[in-house]
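Student: predicted model and sequence follow; I will ask about them next.
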Amino acid sequence: MYALYAWGNALHESELDRDPAWLAPEVLSGGREVVSEHLCLSDEGPLRVDGAGTLFDVGGEQVEGRALVGRDLAGVEWRVVLIRVASDGSLEDARRFGEEFEDLGDVFVDEEPERNPVGIGEVVTTWEDEHGQWDLTLVRL
């Protein structure tokens, strides 16, 4: 199984990383994808996000969205740190989003990365937008 993770200044500067919609029970449980017109990597339309597999920082602890189902976060500092792009889990589908991002230009692609910027799985490919707005990492889980 493969997954594509995205993060960057665009997420944090827009404050989308703290949007309360992330905490909807149906999003955290995987029953509904996050789709926001403000969350785009390319001109292909809004990015579809797997909220259950997205990584959150909650009080200094990194946890997947699915671990937050039913958890009371009132008064707790939280934010999204790594978006997990919704895909069917295949290499081809996960890579497709990276390739669309690459087609925009000004993107550095590393097909043989030596480090794992997400700390999950085995890194296959990384993409870095030269303007610092988005980074993507494709991993084998």
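Tutor: Perfect, I can see it now. Being a predicted model, the structure only gives us computed values, none of them experimental. Numbering: from 1, shown residues only.

Student: now the residue nearest the centre of the chain: closest residue in space that isn't a chain neighbour?
Tutor: The residue lying closest to the centre of the chain (CA atoms, centre = their mean) is Ile83, at 1.6 Å. Excluding its sequence neighbours, the residue lying closest to Ile83 (CB to CB, 6 or more residues apart in numbering) is Ala6, at 4.6 Å. Backbone N, C-alpha and C define where each C-beta goes, glycine included.

Student: and for Arg140?
Tutor: Closest to Arg140 by CB to CB, 6+ apart is Glu122, at 4.6 Å.

Student: can I assume Leu11 sits in a helix?
Tutor: Yes: the assignment for Leu11 is a helix, going by DSSP: H, G, I helix; E, B strand; the rest coil.

Student: ok, it touching Asp17?
Tutor: Yes: Leu11 lies in contact with Asp17 (CB atoms under 8 Å); the separation is 4.9 Å.

Student: now the common contact residues for these two.
Tutor: Counting by CB atoms under 8 Å, 6 or more residues apart in numbering, the shared contacts of Leu11 and Asp17 are Val80.

Student: for the two, indicate the residue with more neighbours.
Tutor: Taking other CB atoms under 10 Å, Leu11 and Asp17 do not tie; Leu11 has more neighbours (22 against 18).
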